[in-house]
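>>> My questions concern the predicted model and sequence given below.
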Amino acid sequence: MLALVGLFMTPPCTAQEHAAPRDVSPRAAAERELGPIGRLLASARPGDTVHVPAGTYRGHLRIDRPVTLVADGAVVIDGGGSGDIIEVVAPDVTIRGFVIRNTGIDLDQENAAIRVLAPRVTLESNVLQDILFGIDLRESPDSRIIANTIGGKRLDIARRGDGLRLWRADRAIIEGNRIHDGRDAILWYSSGVIVRGNTAHDCRYGLHLMFSDNVTITDNELAGNSVGVYLMYSTGVTLTGNRLLKNRGPSGYGIGLKETDRFTVRDNLIAGNRSGVYLDGSPFTDAQPGIFEANTLAYNDVGFTILPSSRGNEIVGNNFIDNIDQVAVAGRGSLDGNRFWKDERGNFWSDYTGYDQNNDGIGDFVHESQTLFENLMDKRPALRLFLFSPAQQAIEFVGRAIPAVRPEPKFTDEVPLMRPLPLPTWRPDVPPSHSPILVAGGSLLALGVSMLALGYERRRSGDGSSGEMPVRGAE
């Protein structure tokens, strides 16, 4: 009886249940795992251009053949918050025009938006969003990283990954990229690299070199980071035409150099930083002087911070404009091993109180820095608390009234310039979040330099020729 009841209660079989079993072969399973872009890549031959239709694709890619991967329209590759998103293991790969977002957050695994393990790769015009590490090149020489936007995750700075990292990626070209909210853009053991026309803001180090030689850094804007550029243990580095602005983290250097050799720093605007330039053990050898020329250091807390271990620098033909402390000595010792003038050319100092009686553009008096409060502040940085206070004024009065307590000059410029050098002209291509401040700041600085030049020109043709010492700030 129970058997008969069970027979009649059994539901009828459907066509679906009698259909052929699904293909569960390894190949079919792999194709399903690849996803749409993976299947396009799997069917491509070396040298092909693979066009990806507009849409949002979730998953991870591994590119194992030399192809060009191009986004047709708005193409988003979403990593789903886990692991790396794109891994490139073949040479001569190009990835262009994608939005790549949402990596994992595992710092031990260094989850990256794009990890490259092969040479001659081009990454161009991609937008990386919500990523831990951005672009990670490992032993990828002759690669090109062009016009990408790299934005990190909203994490505490200690938990972020590097927006851009090169490891043994010689002769790479890094050009026209925008990096923000990351840890560092860092070069490790990478020689012959060109870093040109990039912007970095709200990072720890805008650009960081470690053991990377013969690197050219030009026309970059590094603003609002903890440090603008830090060069460490590198040789043959050239910095020209860069803007290092408002880098005011715990270190707060516009440019930092530690045991770096054969370097040239020229035509840079270094403004609003805690310390414009920080020198530690640089140059590292006496093979070549460290060259600082035609730079404008303005409105920094300290223009140059120099450790006594730094010797052999030539700091000539620069503008020092209204830094609270133009030059500071960090530690015990003197700056005798560095030169602030050469032949008949020194620097322009906004606090120089001499005059130019013969109108040759060179001050008639030596410029020395020997204020008592600055000397005390170099030895006891906590005294900065009393800047611009009556205590500072009292100490300076004592230093002027009693020569016996006046310190030895920190440095001497024998031929100070009477007029500031003109600022280089730059294209105002700055990050949107900083552009109002930085464009306005750059305009004000250019106006200030022009007014300084006009004031000193008037002094040359006016009362300055009378032989009387002009009063500082009278113009």
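Yep, it's here.

>>> Excluding chain neighbours, what is closest to S309?
G281 (4.8 Å; C-beta to C-beta, 6 or more residues apart in numbering). For glycine as for every other residue, the C-beta is placed from the backbone atoms N, C-alpha and C.

>>> can you give me the helices for the stretch 101-250 of the chain?
For the stretch 101-250 of the chain, no helices are identified by DSSP state H, counting those that start in this stretch.

>>> low-scoring stretches of it, by residue?
Along the stretch 101-250 of the chain, segments meeting pLDDT under 70 are nowhere present.

>>> for the stretch 351-475 of the chain, which spans come out with low pLDDT?
370-381, 383-385, 387-388, 392-409, 425-475.

>>> Contacts only, for the residue nearest to S309.
When contacts are counted by C-beta atoms under 8 Å, 6 or more residues apart in numbering, G281 touches K258, E259, L307, S309, S310.

>>> Hmm, which of the residues you listed is lowest in pLDDT?
Sorting these by pLDDT puts S309 at the bottom of the list (90).

>>> I'd like to know how many residues surround that residue.
By other C-beta atoms under 10 Å, 15 other residues sit near S309.

>>> from what I can see it touches D280, true?
Yes. Counting by C-beta atoms under 8 Å, S309 does reach D280; the two are 6.8 Å apart.

>>> ok, the residue nearest to S309 to S125 distance?
40 Å (C-beta to C-beta, to the nearest Å).

>>> Likewise for L117?
To S125, L117 is 22 Å away according to C-beta to C-beta.

>>> what do you get for I131?
16 Å.

>>> who's more crowded, those two?
I131 (29 against 15).

>>> That one reaches V99, doesn't it?
No. In terms of C-beta under 8 Å, I131 does not count as a neighbour of V99; the distance is 11.1 Å.

>>> so how far is the first residue of stretch 188-199 from its last?
End-to-end distance of stretch 188-199 (C-alpha to C-alpha, to the nearest Å): 20 Å.

>>> Now do P250: how many residues are near it, please.
8.

>>> How about the contacts made by it?
Going by C-beta under 8 Å, 6+ apart, P250 touches S226.

>>> From E314, how far out is it?
Per C-beta to C-beta, P250 is found 30 Å from E314.

>>> Please name the bridge partners of T412.
Per DSSP bridges, the residues bridged to T412 are E368.

>>> What residues does it make contact with?
The contact partners of T412, by C-beta under 8 Å, 6+ apart, come to F340, W341, V366, H367, E368.

>>> Format those as a markdown table; extra columns: distance to S226 and neighbour count.
As requested, the contacts of T412 are exported to a markdown table (distance: C-beta to C-beta, whole Å; neighbours: other C-beta atoms under 10 Å):
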| residue | distance to S226 | neighbour count |
| --- | --- | --- |
| F340 | 28 | 26 |
| W341 | 33 | 22 |
| V366 | 37 | 15 |
| H367 | 32 | 25 |
| E368 | 33 | 15 |
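
>>> quick one: which of those residues is nearest S212?
Lowest distance from S212 to those (C-beta to C-beta) belongs to F340, with 29.0 Å.

>>> quick one: contacts for the residue nearest to the closest one when sequence neighbours are not counted?
Counting by C-beta to C-beta, 6+ apart, D413 is the residue found nearest to F340 once chain neighbours are left out, at 4.4 Å. D413 sits next to F340, W341, G346, N347, W349, V366, H367, E368 when contact means C-beta under 8 Å, 6+ apart.

>>> Having no further points to raise, I will conclude here.
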